[in-house]
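[1] need a structure here:
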Amino acid sequence: MKIKQRIWEIVEPAKSGDKISHYFDIGLMVLIILNVLAVIIESVQSIEDQFGTYLTAFEVFSVMVFTLEYLARIWACTYVNNYSHPLFGRIRFSFRPMVIVDLLAILPFYLPFFGIDLRVVRAFRLFRIIRIFKLGRYSKAFQMLGNVLTNKKEEMTITIVALFFLIIISASLMYHAENAAQPEQFSSIPATIWWSVVTLTTVGYGDVYPITLFGKIIAGVISILGIGMVALPAGIISAGFVEEMSKRK
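    I've put the predicted structure just below:
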């Protein structure tokens with residue numbers, strides 16, 4: 001039990017005065033950052049051709065470290081009262097969000113050993129970028145952001161639902177206004193959703209735009225509403241950060 005307790009203390013974020021756990025956290029964060037950089041630079045074909053062998057070796061080393069970390073967490077979690085059952089406790093622990101992230105971080109490496117089609121594996125290799133979310137376990141900034149999103153989830157849900165309805169309504173109106181004049185650009189309501197999204201988010205690529213009077217009026221109203229819809233989530237999150245900072249102080 002003492003060994004299990006000590007392993008749990010090491011793999012979890014370090015407590016004050018625990019130097020071994022602190023060094024473990026730093027080493028893991030450095031490895032995560034290097035992994036994200038490796039995923040980015042290996043997309044450059046010239047670098048992949050020249051240093052592909054070294055990148056592959058680093059990937060194997062990283063996966064071994066992350067796998068040992070994952071297994072250590074699953075084994076030692078029964079030390080905690082909430083997960084004390086040797087089977088069901090570990091199953092319940094394995095469905096924690098950060099533990100799922102740990103699994104997704106190593107899963108692409110092992111897929112070929114289960115006979116998964118290599119084309120599928122190449123698609124799943126993008127999941128390696130998920131390793132950056134492992135930093136959330138050790139970063140207070142990530143933890144604060146998580147608390148803010150959790151506390152403001154109802155307000156954010158209402159905002160997202162309102163934005164979804166506004167996209168559908170604006171796309172429907174614009175389709176009926178512009179379809180006769182521009183049948184190729186506004187061929188259907190699903191096709192018009194692209195215009196609705198880029199307009200409401202104030203991006204406005206300009207690849208699709210109205211030419212009729214009614215369409216321009218709708219576009220003007222939607223553009224103004226889009227400014228408010230973009231500002232609304234920012235205001236909710238900002239208020240959440242202020243509340244969280246006040247709590248911590």
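
[2] what bits of this structure have low per-residue confidence?
    1, 115-133, 135-139 (pLDDT under 70).

[3] where do the helices of it begin and end?
    2-11, 19-41, 45-76, 88-94, 97-110, 118-124, 140-151, 153-178, 189-200, 213-248 (DSSP state H).

[4] which elements pack onto the third one?
    Counting contacts by 3 or more CB pairs under 8 Å, 6 or more residues apart in numbering; DSSP states H and E, helix 45-76 packs against helix 2-11, helix 19-41, helix 88-94, helix 97-110. Using the backbone N, CA and C atoms, a C-beta is placed for each residue, glycine as well.

[5] how much space separates the nearest residue to residue 94 once chain neighbours are set aside from residue 27?
    Excluding the flanking residues, the one nearest residue 94 by CB to CB, 6 or more residues apart in numbering is residue 74, at 6.4 Å. Taking CB to CB, to the nearest Å as the measure, residue 74 falls 20 Å from residue 27.

[6] of the two, which one has the most company?
    Neighbour count, other CB atoms under 10 Å: between residue 74 and residue 27, residue 74 has more, with 17 against 11.

[7] for residue 81, see how far away the more buried one is.
    17 Å.

[8] next one: residue 152
    Counting by CB to CB, the gap from residue 152 to residue 81 is 30 Å.

[9] these two: who's more crowded?
    More neighbours surround residue 152 than the other of residue 152 and residue 81, with 19 against 7 (other CB under 10 Å).

[10] ok, now which ones touch that one?
    Residue 152 makes contact with 236-237, 239-240, according to CB atoms under 8 Å, 6 or more residues apart in numbering.

[11] tell me the two of these that are most distant?
    The most widely separated members of the contacts of residue 152, counting by CB to CB, are 237 and 239 (7.3 Å).

[12] how many neighbouring residues does the nearest residue to residue 149 once chain neighbours are set aside have?
    Once flanking residues are discounted, residue 149 sits nearest to residue 156: 7.0 Å by CB to CB, 6+ apart. When counting by other CB under 10 Å, one arrives at 18 neighbours for residue 156.
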